[in-house]
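*Asks:* what's the 3D shape of this:
(one chain, ligands or ions: 1)
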Amino acid sequence: MKFDKVAITGGNGRLGRHVAGQLASRCEVSIVDLAEGDGGAPFHQVDITDLDGLTGAFAGHDAVIHLAAIPNPRTTTQENTFVTNVHGSWAVLAAAEEAGVKRVVVASSDSTIGLNHNPPDWGPQYLPVDEAHPLRPIEAYSLSKHVTESICRSFVDRGALEVQVIRPSHIVFPPEYPELRERGDDVENYHVWCYVAPEDVASGFVLALEREDAPFDTFILVADDGLNVRPTLEMLDERLGHIPKLAKPEKYDRLSTASILDNDHARDMLGWRPKITWRDMLKAPD
Ligand SMILES: NC(=O)c1ccc[n+]([C@@H]2O[C@H](COP(=O)([O-])OP(=O)(O)OC[C@H]3O[C@@H](n4cnc5c(N)ncnc54)[C@H](O)[C@@H]3O)[C@@H](O)[C@H]2O)c1
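*Replies:* Here you go, the predicted model:
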């Protein structure tokens, strides 16, 4: 492992437990979270908006994985979501810089692209949608992640930190398994049928942590296919009234249910391979 001591903000959350589990045998892990967990890793109960608390918790670490956030704008106010996620991300990066951390891997979101909600005046400009696609967030959560990405870029430009930004698609945890089949039939599905397993997202974070010589980069992590059981282009045509320009038509020739998002950058640069599909999730024991 490139780094000996890694702090994980939000390490006791749903994704954080997978990331901590995959890192545990490779380096020393400590957890920074508001919520206590049941793992054995050293734990710092610190709010991500507490700059001094974070600087103390990061002391002696060479890398940070930043996951702590309000991930679901439906559980609190838009204001609290925005303030926590933006202030928290700035404080995590500022504390990491102050503590002499070398690399931070940060959780953003595919929601920055703005395709959820099916806004009538915005859709994929081309398919599959990759990291170069324009972003148009229109609510507090996705906007907070867009601003977080700008904060990351700003800290890299200051010269002391390397930052890798991860944009996971909708991460499917076991309580959602019973709904997956229905979501695949829904032309208006909120996530445009995109999904990814937490185990696969965790492996992406580990690979981004280990990557050599990378001051800044951004990666979409999404399963190869969508939840849709009918061809993606057919369902998109029903949803949008047209099929967007195809930048990589071969993707949809090879796999008719291929995702509308592109994971090629993570495949090419990190060697990332999503291993778990929604069909595996349906077969998982209760
Ligand atoms: N779940 C998804 O589908 C999804 C998709 C894309 C991106 N993400 C991002 O991945 C990350 C992890 O998401 P998750 O689904 O595991 O969320 P989660 O809510 O399960 O975990 C978040 C963790 O952050 C902690 N936390 C929240 N506010 C905090 C604060 N102010 N100070 C310290 N700790 C705080 C919580 O206690 C929790 O343990 C988030 O940044 C989220 O935005 C999630």
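*Asks:* excluding chain neighbours, give the residue nearest to the residue of the stretch 1-150 of the chain at minimum distance from the ligand in space.
*Replies:* In the stretch 1-150 of the chain, the residue that lies nearest the ligand is Gly13 (2.0 Å; C-beta to the nearest ligand atom). Yep, even glycine has a C-beta here, placed from its N, CA and C like the rest. Nearest residue to Gly13 in three dimensions, chain neighbours excluded: Leu67, at 6.2 Å (C-beta to C-beta, 6 or more residues apart in numbering).
*Asks:* let me know the pLDDT of the residue of the stretch 1-150 of the chain closest to the ligand.
*Replies:* Here, the pLDDT recorded for Gly13 equals 97.
*Asks:* relative to Ala107, how far out is it?
*Replies:* From Gly13 over to Ala107 the distance is 10 Å, taken as C-beta to C-beta, to the nearest Å.
*Asks:* and for those two, which residues touch both?
*Replies:* Counting by C-beta atoms under 8 Å, 6 or more residues apart in numbering, the shared contacts of Gly13 and Ala107 are Leu67.
*Asks:* and the helices in the chain, which stretches?
*Replies:* 14-23, 51-58, 78-99, 140-158, 180-185, 198-210, 232-240, 249-254, 264-270, 278-283 (DSSP state H).
*Asks:* got the residues of the chain near the ligand?
*Replies:* Proximity of the chain to the ligand, by C-beta under 6 Å from any ligand atom, involves residues 10, 12-16, 33-35, 47-49, 67-71, 84, 88, 107, 109, 168, 170-171.
*Asks:* returning to that earlier point: state the number of residues packed around the residue nearest to Gly13.
*Replies:* By the criterion of other C-beta atoms under 10 Å, Leu67 has 29 neighbours.
*Asks:* isn't it up against Gly11?
*Replies:* Yes. Here Leu67 reaches Gly11: they are 7.0 Å apart, a contact under C-beta atoms under 8 Å.
*Asks:* okay, and the common contacts of the two?
*Replies:* By C-beta under 8 Å, 6+ apart, the residues touching both Leu67 and Gly11 are Val19.
*Asks:* before we move on, back to that, which residues touch the residue nearest to Gly13?
*Replies:* With C-beta under 8 Å, 6+ apart, Leu67 has these contacts: 8-11, 13, 15-16, 19, 107.
*Asks:* related to what we said a few turns ago, the residue of the stretch 1-150 of the chain closest to the ligand reaches Val32, doesn't it?
*Replies:* No. With contact defined as C-beta under 8 Å, Gly13 does not count as touching Val32 (11.2 Å).
*Asks:* now for the two: what residues contact both?
*Replies:* Common neighbours of Gly13 and Val32, counting by C-beta under 8 Å, 6+ apart, are Ala68.
*Asks:* for the ligand, what's its nearest residue on the stretch 151-286 of the chain.
*Replies:* For the stretch 151-286 of the chain, C-beta to the nearest ligand atom, closest residue to the ligand: Ile171, 3.6 Å.
*Asks:* can you pull the contacts of that residue?
*Replies:* 14-15, 195-198, 201.
*Asks:* pull out the buried residues from the residues you listed.
*Replies:* The neighbour-count criterion (16 or more other C-beta atoms under 10 Å) marks 15, 195-198, 201 among those as buried.
*Asks:* of all these, which two lie farthest apart?
*Replies:* Within those, Leu15 and Tyr195 form the most distant pair, 13.6 Å apart (C-beta to C-beta).
*Asks:* ok, the closest residue to Gly37 other than its chain neighbours - contacts?
*Replies:* Closest residue to Gly37 apart from its sequence neighbours, by C-beta to C-beta, 6+ apart: Asn12 at 3.4 Å. The contact partners of Asn12, by C-beta under 8 Å, 6+ apart, come to 31, 33, 35-37, 39, 43.
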